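Peer 1: Okay, sequence plus prediction incoming.
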Amino acid sequence: MKKRALAMSMAVMMAAGALSGCARQTGIETGSAGSTAVEAQTTAAQTAESSGPSSTTITFWHSMGGVNGEAIDTLVTKFNKENTSGITVEAQYQGSYDDAINKLKSAQIGNMGADLVQIYDIGTRFMIDSGWVIPMQELINEDHWDLTQVEPNIAAYYTVNGNLYSMPFNSSTPILYYNKDIFTKAGIAEIPDSLPGIEKVGDDLIGKGGAGEVISLGIYGWFFEQFTCKQQAQYADNGNGREEAATAVDFDKNGAGVKTLAAWKDLSDKGYAPNVGRGGDAGLADFSAGKAAMTLGSTASLKQILNDVNGKFEVGTAYFPKVSDDDKGGVSIGGGSLWALNNEDPTKQQAVWEFVKFLVSPESQAYWNSQTGYFPVTVAAHNEAVFKDNIAQYPQFKTAIDQLHDSTPQSAGALLSVFPEARQIVETEIENMINNKGTPEDAVAKMTESINKSIEDYNLINN
């Protein structure tokens, strides 16, 4: 995060340089040559303003590889061919989400290298604080674009103080995947919707159903955050970092952290949720191999799971489980969104907005969903034939849609300046707890101390 302080000082120096450059170009020099220069610049500026985004090239950084990257390329090619404004989009793959945001942090202020960038959900607070962006709300307001076209529970995550800062694009939530064959063999008709519920059917899934594991539960910070949302509890103070930047975590004070880890440890101690490793995909292999009766994973993993299972058993999907049977909260989205960078070029800014509108159009979002498994962020995409055909082919995905609609904006989740670090800290302490290197209370205390120190350091540098 110290890079941002350096970046901001760079911005000051570059602004000073820009001002001195303007002084040389705007008529401080006397005589006809200076006047001619001013007139020429004014004419050029007026021409650029009147021409709009015509014959403009913009650079789009993204982090979608594999089939997702192919879908991005298809959409970009379609836009480049069909737009009538002379806009050309150059899509550039930047590697992982971390790679993309780190490259952005090291870019020169005023020449970011990109005009539009895809950033993961947990980079939201950093991007807002950076001062490098044009809030998407400004572009929406200038165009009088109807924001209700976007799913409200998705838009809620990226909305702070009534302003949508970035446009949702590739959104997902976590769901429960289960092996229908094992459940049928075990005689279990009702899918558990809580961690205690999973514990109750554990012996039957193993003894009668033949499961090698009850649940293949990857140690993932995102899951910890979702369990907090399920309890209708806040992860961080200051309204989950939405009223203003968070100064500390809140899951230690409201009890959500210990409640989550106690239930998790219970499943682990009884052998129902063995340590399968860290990360969102850590639990998928055992499930796809038919070893685990259940796993947790992103909705965007559905097609990969179905491909890996390849008909060996029937895959079912259900809502992400609650921590306790009486929890009433929803889920928060993950994935990424589109950020317009402020390169002080109105023509490119307009071109960026035209491209963003294309990416979230019903047609584009229905195609994106069918190719990747991410949500269509635009409500009207549900009316597209491509979307309907995809749901018919993969009915398991309807669970994700229903879960999204059954959640509320109050479950949007936290914004935290140091979320990437926080997730690593959470995962380390959960792993230590599962390996019997401390109690749930110990784990939460260590999480709190480490994350709060990171927040304090960040806020000290950037305030």
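Peer 2: The structure has been received and is ready for your questions. Quick caveat, the model's predicted, so the values are computed rather than measured. Numbering: from 1, shown residues only.

Peer 1: Tyr319: what's its closest spatial neighbour, skipping adjacent residues?
Peer 2: Nearest in space to Tyr319, with sequence neighbours left out and distances taken as CB to CB, 6 or more residues apart in numbering, is Gln403 at 5.0 Å. C-beta: built from backbone N, CA, C; applies to glycine.

Peer 1: nope, Leu306 is what I was after
Peer 2: Nearest in space to Leu306, with sequence neighbours left out and distances taken as CB to CB, 6+ apart, is Val315 at 6.0 Å.

Peer 1: quick one: that neighbour and Ile175, what's the gap?
Peer 2: Plainly put, Val315 is 11 Å away from Ile175 if you go by CB to CB, to the nearest Å.

Peer 1: Looking at those two, which is more packed in?
Peer 2: When Val315 and Ile175 are compared on other CB atoms under 10 Å, the one with more neighbours turns out to be Ile175, at 24 against 20.

Peer 1: For the residue nearest to Ser288 when sequence neighbours are not counted, report the pLDDT, please.
Peer 2: Taking CB to CB, 6+ apart as the measure, Ser288 lies nearest to Asp308, with 3.8 Å between them; neighbours along the chain are not counted. Asp308 is assigned a pLDDT of 95 by the prediction.

Peer 1: Need phi/psi at Asp308.
Peer 2: Geometry field for Asp308 lists phi and psi as phi -70, psi -40, criterion degrees, to the nearest 10.

Peer 1: what's the answer for Gly297, then?
Peer 2: Taking degrees, to the nearest 10, you get phi -160, psi 170 for the backbone angles of Gly297.

Peer 1: same deal with Thr295?
Peer 2: Per degrees, to the nearest 10, the backbone of Thr295 is at phi -150, psi 160.

Peer 1: Distance check, the residue nearest to Ser288 against Asn102.
Peer 2: Distance of Asp308 to Asn102, computed by CB to CB: 31 Å.

Peer 1: what about Asn161, how many neighbours?
Peer 2: The criterion is other CB under 10 Å. On that basis, Asn161 has 10 neighbouring residues.

Peer 1: Might you report the residue contacts of it?
Peer 2: When the contact criterion is CB atoms under 8 Å, 6 or more residues apart in numbering, the partners of Asn161 are Arg242, Glu243.

Peer 1: Roughly how far does it sit from Gly241?
Peer 2: Distance of Asn161 to Gly241, given as CB to CB: 12 Å.

Peer 1: mind listing the helices for the stretch 51-200 of the chain?
Peer 2: Assignment of helices within the stretch 51-200 of the chain using DSSP state H, counting those that start in this stretch yields the ranges 66-82, 97-106, 124-130, 136-143, 152-155, 180-186, 195-200.

Peer 1: So what's the gap between the last one and the chain middle?
Peer 2: Between the centre of helix 195-200 and the centre of its host chain there is 29 Å, according to CA atoms, centre = their mean, to the nearest Å.

Peer 1: Now do it: everything it contacts.
Peer 2: Judged by CB under 8 Å, 6+ apart, the contacts made with helix 195-200 from elsewhere in the structure are 192, 214-215, 263-264, 266-267, 270, 272-273, 294, 321-325.

Peer 1: low pLDDT regions in the stretch 101-250 of the chain?
Peer 2: Filtered on pLDDT under 70, the stretch 101-250 of the chain yields the residue ranges 108-111.

Peer 1: where exactly do the strands run in it?
Peer 2: If you assign secondary structure with DSSP state E, counting those that start in this stretch, the strands in the stretch 101-250 of the chain sit at 116-120, 133-134, 159-160, 163-164, 167-172, 174-179, 213-216.

Peer 1: Now render those strands as TSV, adding distance to Gly373.
Peer 2: Putting the strands of the stretch 101-250 of the chain into TSV (distance: least, CB to CB, whole Å) gives the following:
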stretch	distance to Gly373
strand 116-120	16
strand 133-134	28
strand 159-160	24
strand 163-164	24
strand 167-172	8
strand 174-179	11
strand 213-216	19
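
Peer 1: which one of those strands lies closest to Ile430?
Peer 2: With CB to CB as the measure, strand 213-216 is the member of these nearest Ile430 (14.6 Å).

Peer 1: How about residues contacting that closest one?
Peer 2: With contacts defined as CB under 8 Å, 6+ apart, strand 213-216 is touched by 198, 201-202, 205-206, 267, 271-274, 276, 282-287, 291-296.

Peer 1: now with 7 Å?
Peer 2: Contacts to strand 213-216, defined as CB atoms under 7 Å, 6 or more residues apart in numbering, come from residues 198, 202, 205-206, 267, 272-274, 276, 283, 286-287, 291-295.
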